[in-house]
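Trainee: any chance you could fold what I've pasted below:
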Amino acid sequence: MAGSGAGFDACAVPALLRHWWGRTGGRFIAAEIALRAGGAYRIGNELPDGAVVWISGEFEVVEAADGSQGVSLFSS
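Mentor: As a prediction, the model looks like this:
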């Protein structure tokens, strides 16, 4: 995994992402994350009305600079 630290882990590890991802009343249901430039992500959410929404895209840049990490992504 690119980078290190709690910030990267919270965005890249599905078990950690579930703790903060999603809107109030919704539910995180799944995630597939390849945290690298060109890597894909797919995050599933169940909304309060039972509808399921998938958010997906591709990471354009994943880098650590000057001791701070950042992620740039492209959604499709």
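Trainee: C-alpha only now, for contacts and for neighbours.
Mentor: Noted.
Trainee: now the strand ranked longest in the chain, how far from the centre of its chain.
Mentor: In terms of residue count, the longest strand belonging to the chain (DSSP state E) is strand 52-65. In terms of CA atoms, centre = their mean, to the nearest Å, the gap separating the centre of strand 52-65 from the centre of its chain is 6 Å.
Trainee: could you do stretch 42-61 as well?
Mentor: Stretch 42-61 has its average C-alpha position 9 Å from the chain's average C-alpha position, going by CA atoms, centre = their mean.
Trainee: and the end-to-end length of that stretch?
Mentor: With CA to CA, to the nearest Å as the measure, stretch 42-61 spans 17 Å from end to end.
Trainee: picking up where we left off before, mind listing what's buried in the longest strand of the chain?
Mentor: For strand 52-65, a neighbour-count test (16 or more other CA atoms under 10 Å) marks 56-62 as buried.
Trainee: what pLDDT, on average, does that strand get?
Mentor: Mean per-residue pLDDT for strand 52-65: 81.
Trainee: now do it: which elements does it pack against?
Mentor: Helices and strands in packing contact with strand 52-65 are listed as strand 40-46, strand 68-75; criterion 3 or more CA pairs under 8 Å, 6 or more residues apart in numbering; DSSP states H and E.
Trainee: worst mean pLDDT among those strands?
Mentor: Ranked by mean pLDDT, the helices and strands packed on strand 52-65 end with strand 68-75 at the bottom, a mean of 53.
Trainee: what angle sits between the longest strand of the chain and strand 40-46?
Mentor: Orientation of strand 52-65 against strand 40-46 (axes from the mean of the first three to the mean of the last three CA atoms, to 10 degrees) gives an angle of 140 degrees.
Trainee: so what strands line up beside strand 52-65?
Mentor: Strand pairing for strand 52-65, using DSSP bridges, gives strand 40-46 (antiparallel), strand 68-75 (antiparallel).
Trainee: assumed L16 was part of a helix.
Mentor: Yes: for L16, which was evaluated using DSSP: H, G, I helix; E, B strand; the rest coil, the result is membership in a helix.
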